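K.L.:
Please work out how this folds:
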Amino acid sequence: MKIHTAIAALSIVLAGSVFAQTTTQATMPRVDKREANQQKRIDQGVASGQLTQKEATRMENGQARVNQAEANAKADGTVTRKERKHLSNMQDKQSGKIKRNKHDKQVVKPAA
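P.N.:
Residues are numbered from 1 along each chain as shown. A predicted model of the protein is given here:
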């Protein structure tokens, strides 16, 4: 009987640690989805001529910095609230830069 109790307690502890790990990483799919959306906006801007190649390169480099910050946040296995806030702020800034560059007066004429 004591063995069954010990096994049950151990399984609860292990399940709790797995749950803690998944909830810590649970906010990262939102970051990944937002990064994918911003990448799609950059690609669409290039395709439509709203972004010049130089602007697109700058936007790509900005996205790479966000990706690196995300990797750094995940490196220790726990993404803190402060790290999530920092990533969100970085993405907000990138989103604004994409919007400004897509809606400026520079336009690339499509190839005929």
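K.L.:
What count of nearby residues applies to residue 70?
P.N.:
When neighbours are defined as other C-beta atoms under 10 Å, residue 70 has 21 of them. In this view, the C-beta of every residue, glycine as well, is placed from N, C-alpha and C.
K.L.:
Read off the pLDDT value for it.
P.N.:
pLDDT, residue 70: 93.
K.L.:
Isn't it up against residue 28?
P.N.:
Yes. The pair residue 70 and residue 28 passes the contact test of C-beta atoms under 8 Å, sitting 7.2 Å apart.
K.L.:
Okay, and the closest residue to residue 95 other than its chain neighbours sits in which element?
P.N.:
Setting aside the residues directly before and after it, residue 95 is nearest to residue 38 in space (C-beta to C-beta, 6 or more residues apart in numbering), at 6.1 Å. Using DSSP states H and E, residue 38 maps to helix 28-48.
K.L.:
per-residue pLDDT, residue 111?
P.N.:
pLDDT, residue 111: 61.
K.L.:
for the helix or strand hosting residue 68, which positions count as buried?
P.N.:
Assigned by DSSP H and E, residue 68 belongs to helix 53-74. Neighbour-count burial for helix 53-74, counted by 16 or more other C-beta atoms under 10 Å, picks out 55-56, 58-59, 62-63, 66, 69-70, 73.
K.L.:
Return the closest of those with respect to residue 92.
P.N.:
Residue 92 lies nearest to residue 66 out of the buried residues of helix 53-74, by C-beta to C-beta, at 10.4 Å.
K.L.:
dump the residue contacts of the residue lying closest to that closest one once chain neighbours are set aside.
P.N.:
Nearest non-adjacent residue to residue 66, counting by C-beta to C-beta, 6+ apart: residue 90, 5.0 Å away. Neighbour list for residue 90: 65-66, 69 [criterion: C-beta atoms under 8 Å, 6 or more residues apart in numbering].
K.L.:
before we move on, what about residue 62?
P.N.:
Contacts of residue 62 (C-beta under 8 Å, 6+ apart): 93-94, 97.
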